[in-house]
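Trainee: got a predicted model here, sequence first, then my questions.
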Amino acid sequence: MLQSLAGSSCVRLIQSNRSTWYFLCLVVGYVLYLIFGAVVFSSVELPYEDLLRQELRAIKRQFLQENDCISEERLEEFLAKALEASNYGVSVLNNASASWNWDFTSALFFASTVLSTTGNPNGQFLRRKT
């Protein structure tokens, strides 16, 4: 008797708030999907990243052993500056392309993209006429 009362009140609660329950199920499903995706990407990419780190440490160690005139601190300083430049698309390699990332055409494309994708120029939200 108590189970049937509790069951029917739960059913009524779910039926009266059906859209809320659908939304809640959607949110839970989305979170589970994100967690599953993170697990998959982590399990696929983490071993390769670890191997790459070990290879870079070995190459750095070998380079420092073969070149006694370079200190580890100066090499770290050079590599940090090279990586910072690489983040902006500038390469220290001789065989890298000589094209500029911020030539006039690229800057014009970027400016038009920013202007066409970021909201109303008057700073107001568009309102639907009713």
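Mentor: Yes, it's here.
Trainee: quick one: least confident helix or strand in this protein?
Mentor: Every helix and strand of the chain was ranked by mean pLDDT, DSSP states H and E. The lowest is helix 2-16, at a mean of 64.
Trainee: give the next helix or strand downstream of that one.
Mentor: Per DSSP states H and E, helix 2-16 leads on to helix 18-66 as the next helix or strand towards the C-terminus.
Trainee: low-confidence ranges in the chain?
Mentor: Residues of the chain that meet the criterion pLDDT under 70 lie in 1-7, 95-99, 119-130.
Trainee: swap the cut-off to 90 and go again
Mentor: Regions of the chain meeting the criterion pLDDT under 90 cover residues 1-22, 68, 70, 85-130.
Trainee: centroid residue for it?
Mentor: Residue closest to the mean C-alpha point of the chain, counted by C-alpha atoms, centre = their mean, is Ala38 at 11.7 Å.
Trainee: how close does Phe36 get to Ser42?
Mentor: Using C-beta to C-beta, to the nearest Å, we find Phe36 at a distance of 11 Å from Ser42. Where C-beta positions appear, they are placed from N, C-alpha and C, glycine not excepted.
Trainee: overlap in contacts, these two.
Mentor: Overlap of the contact sets of Phe36 and Ser42 (by C-beta atoms under 8 Å, 6 or more residues apart in numbering) is empty.
Trainee: now stretch 12-27: how far from the chain's centre is it?
Mentor: In terms of C-alpha atoms, centre = their mean, to the nearest Å, the centre of stretch 12-27 is set 32 Å apart from its chain centre.
Trainee: so for that stretch, what gets flagged as buried?
Mentor: Buried positions in stretch 12-27, judged by neighbour count with 16 or more other C-beta atoms under 10 Å: none.
Trainee: equivalent analysis for stretch 45-63, please.
Mentor: Under 16+ other C-beta under 10 Å, stretch 45-63 has no buried positions.
Trainee: all numbers from here: first residue = 42
Mentor: Got it, first residue is 42 now, which makes that one stretch 86-104.
Trainee: gap between the two ends of stretch 52-63?
Mentor: End-to-end distance for stretch 52-63, by C-alpha to C-alpha, to the nearest Å: 14 Å.
Trainee: gap between it and the chain center?
Mentor: For stretch 52-63 - counting by C-alpha atoms, centre = their mean - the centre lies 36 Å from the chain centre.
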